[in-house]
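S.K.: Could you work out the structure for the sequence below:
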Amino acid sequence: MSDLLPMTANQRRMLVDTRQLWDAWQAAWRRRAGYAGSLSWKEEKGSDYLVKVFDDPGTRVRKMRSLGPRSPETERIYQEFRTGKEEAKERLDSLSRRLSEQARLNRAVDLGRVPTIASKILRRLDREGLLGHNVYIAGTNAIYAYEAAAGVFVRTDLLATGDLGILMEARARLRLTVTGEEPASVIDVLRSVDRSFKKADEASFRAVNRDGYYVDLIKAAANPPWRDEREGFGEGDLLASSIANMKWVANAPKFEATAVGEDGQPVPMACPDPRAFALYKLWLGTKDDGRDPVKRARDVEQAHTVAAIVTQHLPQLPFEPEHLKCFPKPVVDFASEGDDPFFKPF
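M.R.: Okay, here's the model as predicted:
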């Protein structure tokens with residue numbers, strides 16, 4: 001029996017509708033965020049002045065700035081701001097209602113896949129401007145992105161996991177949020193989703209909630225080892241654990257897709273290229289390093305499953321040398337050999 005089950009025509013249609021709605025909702029949310037703060041008239045020494053009240057991006061302290069005395073120009077600014085803000089709110093509210101209805105339909109056709117806690121975390125990381133820029137999904141949860149892009153379902157036992165791995169781009173420039181603020185720390189993002197998340201210890205790369213679900217922040221080992229790199233996002237954040245040979249995955253092209261959570265809502269996914277995932281999992285599962293043989297066997301099975309997704313359903317991602325340069329040649333050669341190779345030898 002194949003590990004891949006094709007989506008029905010109705011499920012594919014629902015997924016397409018969900019992606020389009022999500023794209024529209026994100027654009028509407030960004031537009032609404034652009035109207036942060038407020039404009040009002042303030043009387044001073046007998047004259048009216050247009051003032052903007054806003055939260056300072058750096059300190060998050062509420063501030064006030066004058067835009068000038070009342071005049072045709074400031075009157076225009078005031079009216080356009082009020083009208084634009086109201087229109088942006090109305091559009092966002094409308095699309096939010098449509099997303100809620102789409103979520104109900106998605107649940108009805110069993111399209112929901114990504115566990116609810118992981119879905120909420122990924123949406124929040126996306127809103128903070130971290131996902132797809134400074135952090136990516138690592139490990140088993142990335143398979144949800146690959147299957148959604150291919151229009152198939154992977155066997156649930158290959159997807160079962162009680163954790164979420166987050167790969168940090170330690171060398172990437174920190175991207176500001178839509179409102180110009182620095183993104184929240186990973187631990188703050190987790191606590192905004194579930195207040196029970198706590199660091200395993202003060203110098204930990206892991207946070208755990210009351211249900212035992214844990215989130216690991218990892219990164220590729222620095223090269224050279226003494227290179228000064230970011231370990232987290234702000235004071236008190238998780239401190240990323242350095243993983244040997246994770247650079248193969250970190251340096252690979254990135255892959256984005258929209259999956260669907262168990263709650264029926266869309267989930268933004270940003271993760272390593274599925275070819276990199278497959279090769280890394282194959283290497284991890286076949287190297288003789290004393291790891292748990294059960295985990296090693298699962299790594300190999302996941303590797304072959306993701307390779308099948310690529311070769312059978314994602315022809316735009318060929319297993320060719322120029323796309324696999326981030327991996328050592330012996331690893332690539334190994335994947336093309338044996339009785340059940342990923343792909344034909346070059």
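
S.K.: For residue 311, give its distance to residue 151.
M.R.: From residue 311 across to residue 151, the span is 15 Å (Cβ to Cβ, to the nearest Å). Bear in mind the C-beta positions are built from the backbone N, C-alpha and C, glycine included.

S.K.: Also residue 241?
M.R.: 34 Å.

S.K.: in stretch 124-133, what's buried?
M.R.: For stretch 124-133, burial by neighbour count (16 or more other Cβ atoms under 10 Å) applies to 124, 125, 126, 127, 128, 129, 130, 131, 132, 133.

S.K.: need the contact list for the closest residue to the first one other than its chain neighbours.
M.R.: Nearest in space to residue 124, with sequence neighbours left out and distances taken as Cβ to Cβ, 6 or more residues apart in numbering, is residue 189 at 5.0 Å. For residue 189, the residues meeting the contact criterion (Cβ atoms under 8 Å, 6 or more residues apart in numbering) are 121, 124, 125, 128, 130.

S.K.: From those, pick the one nearest residue 32.
M.R.: residue 128 (15.9 Å; Cβ to Cβ).

S.K.: which residues of this structure fall in helices?
M.R.: Secondary structure of the chain (DSSP state H): helices at 9-33, 72-108, 116-127, 142-150, 186-193, 247-250, 274-286, 293-313, 329-335.

S.K.: coming back round to it: from residue 113, how far off is the residue nearest to residue 124?
M.R.: Counting by Cβ to Cβ - residue 189 and residue 113 are separated by 22 Å.

S.K.: try residue 39
M.R.: 43 Å.

S.K.: which intervals of the stretch 151-300 of the chain have sub-threshold pLDDT?
M.R.: The model of the stretch 151-300 of the chain has pLDDT under 70 over residues 170-183, 223-229.

S.K.: Do a quick rundown of the strands in it.
M.R.: Counting by DSSP state E, counting those that start in this stretch, one finds strands in the stretch 151-300 of the chain at the ranges 152-154, 163-168, 198-199, 206-208, 214-220, 241-243, 254-260, 266-272.

S.K.: Tell me which of the ones you listed lies nearest to residue 32.
M.R.: That would be strand 266-272 among those, by Cβ to Cβ, at 17.5 Å.

S.K.: ok, now which ones touch the closest residue in space to residue 31 that isn't next to it in sequence?
M.R.: Excluding its sequence neighbours, the residue lying closest to residue 31 (Cβ to Cβ, 6+ apart) is residue 88, at 4.7 Å. With contacts defined as Cβ under 8 Å, 6+ apart, the neighbours of residue 88 are 28, 31, 32, 34, 35.

S.K.: what pLDDT does the residue of the chain positioned farthest from its centre get?
M.R.: Most distant from the centre of the chain: residue 46, at 52.0 Å, with distances by Cα atoms, centre = their mean. We have a pLDDT of 85 for residue 46.

S.K.: what does the one 3 residues further on give?
M.R.: According to the predicted model, the pLDDT of residue 49 comes to 90.

S.K.: Show me the beta-bridge partners of it.
M.R.: For residue 49, the beta-bridge partners under DSSP bridges are residue 42, residue 69.

S.K.: quick one on the thing from earlier: which of the buried residues of stretch 124-133 sits closest to residue 256?
M.R.: Distance to residue 256 across those (Cβ to Cβ) is lowest for residue 132, with 6.1 Å.

S.K.: Need the nearest residue in space to the closest one, chain neighbours excluded.
M.R.: residue 270 (3.5 Å).

S.K.: Tell me how far the one you found lies from residue 207.
M.R.: In terms of Cβ to Cβ, residue 270 sits 20 Å off from residue 207.
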